[in-house]
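Student: give me coordinates for this.
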Amino acid sequence: MLLQTTITGLAIGGIYALMAVGYSLVFSVLNFSNFAHGSVIMLGAYAGYFVLTKAGASFPVALAGSMLAGVILGVTNERLAYRPLRVRNARPLYFMISAMGVAIFLENLVYATLGAHFYSYPEVLGRSIVRLGGASIGILDLFALAFSSVAITGLHFFLHNTKSGLAIRACSFDMTVASLFGVRIDRIVGLVFALAGALAGLSGIFLGMKYMAYPTMGWITNKAYVAAVIGGLGSLPGAVIGGIVLGLLETFVSVYISSIIRDVFSFSALVLVLLAMPNGLMGRYVEEKI
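Tutor: Residues are numbered from 1 along each chain as shown. Just a heads-up that it's a prediction; the model follows:
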């Protein structure tokens, strides 16, 4: 039971980490919390579902389609909702308000076009289980954990071993200075939203497979924001740690105490971490971030 609970918690934590990294990636460069990220995840779940069911494609194609949808939505959001504010040097608060407006718009767009129906994914991976040390581990949990690990490792490699990754890291410290050294800010900001969108699509399809796709599932991804805050907004390693910690905490509380009160423990952990470490586990102090 302990091993099974741990692996399930790691799988859920891996999905949280994917979503939290998207929040932290945008925050590290543009200094605001992109609350529209949850709606991109929701639409990524829908994209994966329709590619699987309507197009009759295989799971790898659906996975690619979900990530592509996330990239397109992320870049479009940046171009239409955030870039006009950025070129006018708007304060971070207005970015956050715009992000909330985008989230509400996308959610209601789904209501208007697809309705409030819950879409259950076909059993692409089946209900197969793997026996490991007496524990029964679901194939879906193993796939989610594996894909999350590969995606986060790939992002880490990209940020530390490519010119574009170096430019993103430079912009996260000081965008003005980076631009003076020849970094094309518009291109880098677009790339940041493309990366965050790809991770949103990837996490969206696994969330949809685990829980179904529905219009308000974007708000459930607020848990990922909690994970990002626990780890330290703007810190990608912190987002990963926060996601894993939150996934394990919720799973152990659900199994050994009660699933009804797991959210109480999640938000209590957030409060306790912020009381002890206001910038999160691995965050750094930066002025005027919202």
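
Student: contacts only, for Ala269.
Tutor: 230, 245-246, 249 (CB atoms under 8 Å, 6 or more residues apart in numbering). Quick note: C-beta positions are derived from backbone N, CA and C, even for glycine.

Student: can you lay out the residues you listed as JSON lines showing secondary structure and pLDDT?
Tutor: Below are the contacts of Ala269 laid out as JSON lines (DSSP: H, G, I helix; E, B strand; the rest coil; pLDDT from 0 to 100):
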{"residue": "Ile230", "secondary structure": "helix", "pLDDT": "87"}
{"residue": "Val245", "secondary structure": "helix", "pLDDT": "89"}
{"residue": "Leu246", "secondary structure": "helix", "pLDDT": "89"}
{"residue": "Leu249", "secondary structure": "helix", "pLDDT": "89"}
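
Student: from these, which two are the most distant?
Tutor: Farthest pair in the contacts of Ala269 (CB to CB) is Ile230 and Leu249. Separation: 9.7 Å.

Student: ok, these two, which is more surrounded?
Tutor: Neighbour count, other CB atoms under 10 Å: between Ile230 and Leu249, Ile230 has more, with 28 against 19.

Student: got the phi and psi for the residue nearest to that one when sequence neighbours are not counted?
Tutor: The shortest distance from Ile230 to any non-neighbouring residue, by CB to CB, 6 or more residues apart in numbering, is to Gly242 (3.9 Å). Backbone geometry at Gly242, expressed as degrees, to the nearest 10, gives phi -60, psi -40.

Student: just to revisit the earlier point, which among the contacts of Ala269 gets closest to Tyr211?
Tutor: Taking the contacts of Ala269 together and measuring to Tyr211 by CB to CB, the closest member is Leu246, at 16.0 Å.

Student: what helix or strand does the residue nearest to that closest one when sequence neighbours are not counted sit in?
Tutor: Leaving out its chain neighbours, the residue that sits closest to Leu246 by CB to CB, 6+ apart is Ala227, at 4.5 Å. In this assignment (DSSP states H and E), Ala227 forms part of helix 222-231.
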